[in-house]
Structure formats: structure tokens, C-alpha cells
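Undergrad: Structural data only, the sequence is not supplied:
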Ligand SMILES: [Cu+2]
């Protein structure tokens, strides 16, 4: 059985601190460019969005236009209070933000938070509807960086610990 | 019983039935857990019957939403990690079959074998059963049929997940099959060797915090009547074909709690223990279950949670019926689950064994390495299931209020629009689960190899390639979930 000694707790704490600092450093270096405006035409069809992945950086803004090539779809953006109804063969979409719904050809959005936000179809459009989704990835993606570093560290530290730590006495 | 103790006996954990007398009272009632299984059977039959004639839209069907969002999430994220196979104890599928075998709901057909002759039915131990009560063939007394069944269901998962009709056929088919097998073969043969859900429940219950075990081995050693095996007036002999007093792993214990009731010494109990306690896999069938579950978790994460429409279209055979694309998808799924992932892990075990110059067989090394995939697989499946509830949980309220799409409003939620519950927490929770699974998996794999190889350094070297493979898969999943 594994029991956490003081040494292993200190090691883990040091590891967490180092990887945290590293994440911060790496993820901050890329942020030197100024904000950019992305103009994107989101085309919905059963059961995918085009483009499937939108990449931007925090501080950037999005100008989204919508179209559907088959039936009525939705565009619900996680974490952003935005839900759009996209009728087929029309430029105008129904945009719901802040509790108000109005028809619009374009949605402007300033990306204030970094991270991964999925956009999902919000209008039942067929069998695979609950899985119709795309991704908005706003850099710097600290979660990915931190979790990847932690995962690698688990392997390295784990094997090293198994190798270096003294043989435990006692019955097994 | 087995060469290596699956859990160290000294640390079996907290004896819940001694600690909580009310729980012991409940667990020893003859009507428990049947009192939960019966209403679930009624519910399952009603929802299935409704799904046969009601709305064809999956996200509005009480059966599809009830099974594939509510039940699945509770099963994988709550019942399994914290309650082992507690689901099997309340599962509605074998209830009718139990009655077919016993011809009674709660009482026990307990007889003295020396006196009871000539009566209808068949005595097994001290219990009388009806039906043929055949023994299941030895060659099939393993997980292979369950592995095959699960792969078949997994291949058509989109149809199951989205079509109320297909889900109803699956649920009612399971009940029928379980009843037929119960008439033909003894006790819970269906649950043990055929139920496609039972296979992975058994595997992942090894990681669970709950376990039915004997309290004091010396009581069992001095026990003459072996009621837990043969039955008594208090309870049926173990329906799961186990010898409860010697249980040292969770895999085949279905939490029916008969042994708690049948033991005249009150020596069977339920322990609360630390997670990830059991590690040893006993055969290739179990290892392949572990391999294919991890492979399917990856495949489903890509198909269902990814942004790639072509893949969804290919998997969606119910609607699109592009058989060529579906053929490619299915071939890829089977190749990944039964070829690539098992092959990679066996190769890793082989190379680790060479590196460490360990004098152990390839099979033993591979089984020991695969024990990493028990905690890892469970946590990855939990990670996969997070968005089901966070993004689509509100379907439960709406679909349960109008389960057949007939305009009912049972719980006042029929018109509640789809409203995700904190969906942007999803990547954080998923990354957390993957990391916990990786850590627990690496620990399990190394400890199991240490039991096999004998020394910790040798075990670390022998495990290193498999550990690297687990880490690569963890990175892949992190990229999918958070990247
Ligand atoms: Cu849609």
C-alpha cells in the first residue's frame, strides 16, 4: 500500500509549483500580439459545423455570420450567453443574448476568457442532434498545458519514485 | 483461493453492517433489494412499451433519455465507483427469470436434501429450483461472450443512443433473454456470462469502494453448513455461482446480498474500503475487457464529443445508411478495440519484461500491466460521460415529463427548453478525471508487477513501456477534452 510520506508530499508540492510556473511562463509569452478580429461564416448542417474548430486568443473578437444548408439548427456557445437559431437558406438568424431575442445577420463577440468552449446545436435537428458540436478554443489554453505537464510528470515522477525509494519491509 | 490476495486482508475497510445497524436491518430483509428492482422493472417495461409506439425523437423519448443519460451517468459515475455492482442488485432485467427459477418472490425454498425427494423442481444445495437448471459450459464460463456482445452493441451505439425503438428492443430483448436463460441454466448464468453490461461492471467494480466479504475468516473456517454456498432458510445459495465466504474480488459479486441473509453466523457483511483496491486480472478475457473498454472510450470520445461531422455521419447507420462509410467505421472500431490497443499493450508488456530481464511469462506480465487499465478505464469512461449530464441533463426533466411524446406533463418540465448546466466546466472535470485515472492506473500497474516480479525496481522497468502507453493515451484524451 502506498502511504504518503512527508517527502512525497513535498515533492508533489514542488512539482505542482514548478509546472504551474512553467505553464504561466509558456502561456504568457505568446500573448505579445494585439487583439485580432476574426470574421467567420459558420455553416451548419446535420450534424456538424463548418469550421468545426475556431481558434483565437483572449482579447480577440469574433464576427460571426450563420447559415444552414439543410434544416433549422442552433448555435449555443458554452460559457458565453449566446444562442442562435439558424434557419435554412436565410442570412438572418435569431440571436438570443442577455435574455433578448432579435433577428440579425451578424453577431459580434469579444473573447474575454481563455479556454475551450464547445458550441452545440440547440435545435433538435435529427438523431445525432445531441452530439452536433464544434469547438471555440481561446488561447492561451492553460488547462491543456497544465494537464499535459502534470500527466507527463505523473509518469516521470512515478517511475523515478518507484525506482529510487527504499524497498518496503513487511509482509505482502 | 487465488495465488495472490487481490486485496490485503488486513485493510478490508469499514464494516458498514456493524457500524450501521439500520443498514444491517434493511439488508437482511427478504424484500431487499427486490423492492427496488420490481418498480424499476415496471418502469423499464412501461418506458420501453411507450418507446415502441411513442415519439421517434431520441432526445424526447423517456426511454432513451432515462437510459442513456440518467441511468448511464448514475451507473458509471456514482454506482460503479462507489457501489461496485450495486446496480446488479437492483437491475430489473433478471427479475422475471428469478421468479421462473424460484416460483416465489421473497421467500426461500429451503429443504433438507435427505428428506426432500420426488418433489417437482431440482435441488441445488438446499434450495429447490425450477426450470432445467443446467450448468453453463465451462468453455464459455468467462468474459468472452460478454466482450463480443459489448462490441456488437458498441458498433451500433448510435442507433441505440438515438432511436427509442432500438433502445426498447434492446431492453425488452435483454429481459427476454435473461428469462430464457434463467429457465434453461442455473441461477444468474445470464448475468455472469452473457449480460453485455455485466462484463465491464465486473471489471471496474474492482476499483470500487464497496465490497461484500466475510467478516471473520475463522468463523467461516469452522462453519459446517456453508449456507452462503448451499442456501439456508434465510437466503438462497449464491445466485452468482460464487463461494461468498471466500470472496476476495468484486468481479462476480452482484450485490444481491443473499449471503448476508443466508449466513447463520451473521458473518457476511459489506465493507467500505479505499478505491482501486483490487488489481489482479485472472485471464486474457479480463485483460481484453480492459483493453477494449479503453479503446471504445477513445473511439466514442472522438466520435461523439469531437467536432468531426464525417465521423458522426459514418457511425450514424440508423439514419444515413451509407453502408460503405459505416463499414469503414465499424472496421476501424473493431481493429482499434481488438487489435491496435491490445497489441500495443501486449507489445509494451513484452518489451518491459525484456528490459527488466524478468523471469515471468508474457501472459502474466501482460495481465499485470493491464491492471493499470482498470482504474484508468473507469475514470476515462467517467470523463467521457461528464458532458452527457452537463450539456444534455435538462433532457431528463423534459423527456420524463412527457416520456412518450404524447403531450403529457408529469413533472411540469415538458416545456423546459434544452438548457445546459455549467457546460463550460466540462473540460476541467474531464482533465481532472483523466489525470486521476492515469495516476491510479500507473500505481495499480506498478504494484501488480511488483507482486509478480518481486522487486520494485524490476517492476518499475518492466512496467515502464506500459506506463508510457497509458500516458500517451492520457495525453491524447487531454487533447480531445481540453485542447
Ligand atoms: Cu442541428
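TA: Happy to help now that I have it. Treat the numbers as computed from the prediction; the structure is a model and nothing was measured.

Undergrad: what's the helix or strand for the nearest residue to residue B:333 once chain neighbours are set aside?
TA: Excluding the flanking residues, the one nearest residue B:333 by CB to CB, 6 or more residues apart in numbering or on different chains is residue B:299, at 5.5 Å. All C-beta atoms are positioned from the backbone trio N, CA, C, and that covers glycine. Take DSSP states H and E as the rule and residue B:299 turns out to sit in helix B:284-305.

Undergrad: Flag every buried residue along whatever helix or strand comes next after that helix.
TA: Sequence order places helix B:309-315 as the next helix or strand after helix B:284-305, per DSSP H and E. Neighbour counts over helix B:309-315 (16 or more other CB atoms under 10 Å in any protein chain shown) mark B:309, B:311, B:312, B:313, B:314, B:315 as buried.

Undergrad: Likewise for stretch A:64-73?
TA: For stretch A:64-73, the neighbour count (16+ other CB under 10 Å) marks A:64, A:66, A:67, A:68, A:71, A:72, A:73 as buried.

Undergrad: Now do the same contact list for residue A:50.
TA: A:42, A:43, A:44, B:309 (CB atoms under 8 Å, 6 or more residues apart in numbering or on different chains).

Undergrad: Could you restrict those residues to the ones contacting the ion?
TA: Among the contacts of residue A:50, proximity to the ion is found for none (CB under 5 Å from the ion).

Undergrad: and stretch A:111-124, how far apart are its ends?
TA: This stretch, stretch A:111-124, spans 27 Å end to end (CA to CA, to the nearest Å).

Undergrad: Name all residues that make contact with residue B:163.
TA: Residue B:163 touches A:127, B:56, B:58, B:64, B:318, counting by CB under 8 Å, 6+ apart.

Undergrad: can you tell me how far it sits from residue B:63?
TA: 10 Å (CB to CB, to the nearest Å).

Undergrad: got it, and residue A:117?
TA: In terms of CB to CB, residue A:117 sits 31 Å off from residue B:63.

Undergrad: Hmm, residue A:110 is touching residue A:61, no?
TA: Yes - contact between residue A:110 and residue A:61 holds when scored by CB atoms under 8 Å: they sit 4.7 Å apart.

Undergrad: middle-most residue in chain A, spatially?
TA: By CA atoms, centre = their mean, chain A has its centre lying nearest to residue A:116, at 0.9 Å.

Undergrad: Grab the nearest non-local neighbour of it.
TA: residue B:427 (4.8 Å).

Undergrad: try residue B:272
TA: residue B:14 is the one closest to residue B:272 (CB to CB, 6+ apart), at 4.4 Å.

Undergrad: Can you report how many residues lie near the one you found?
TA: For residue B:14, the count of nearby residues is 13 (other CB atoms under 10 Å in any protein chain shown).

Undergrad: Could I get the contacting residues of it?
TA: Here residue B:14 is in contact with B:271, B:272, B:273 (CB under 8 Å, 6+ apart).

Undergrad: Tell me how far it lies from residue B:317.
TA: In terms of CB to CB, residue B:14 sits 48 Å off from residue B:317.

Undergrad: next one: residue A:134
TA: 23 Å.

Undergrad: And for residue B:398?
TA: Counting by CB to CB, the separation of residue B:398 from residue B:317 is 27 Å.

Undergrad: Could you check which of the two has the larger neighbour count?
TA: When neighbours are counted by other CB under 10 Å, residue B:398 and residue B:317 differ, and residue B:398 comes out ahead with 22 against 19.

Undergrad: Looks to me like that one is in a helix.
TA: Yes - looking at residue B:398 with DSSP: H, G, I helix; E, B strand; the rest coil, it is inside a helix.

Undergrad: Packing partners of the helix or strand hosting residue A:152?
TA: Element membership for residue A:152 (DSSP H and E) is helix A:142-164. Counting contacts by 3 or more CB pairs under 8 Å, 6 or more residues apart in numbering or on different chains; DSSP states H and E, helix A:142-164 is packed against helix A:6-29, strand A:115-120, helix B:426-453, helix B:456-482.

Undergrad: Buried residues in that helix, which are they?
TA: By neighbour count on 16+ other CB under 10 Å, the buried set for helix A:142-164 is A:142-151, A:153-155, A:157-159, A:161-162.

Undergrad: Could you do stretch A:96-107 as well?
TA: For stretch A:96-107, by 16+ other CB under 10 Å, it's A:96, A:97, A:104, A:107.

Undergrad: Return the set of residues that bridge with the second one.
TA: With DSSP bridges as the criterion, residue A:97 is bridged to residue A:100.

Undergrad: Make sure it is actually in contact with residue A:81.
TA: Yes - counting by CB under 8 Å, residue A:81 is a contact partner of residue A:97 at 5.9 Å.
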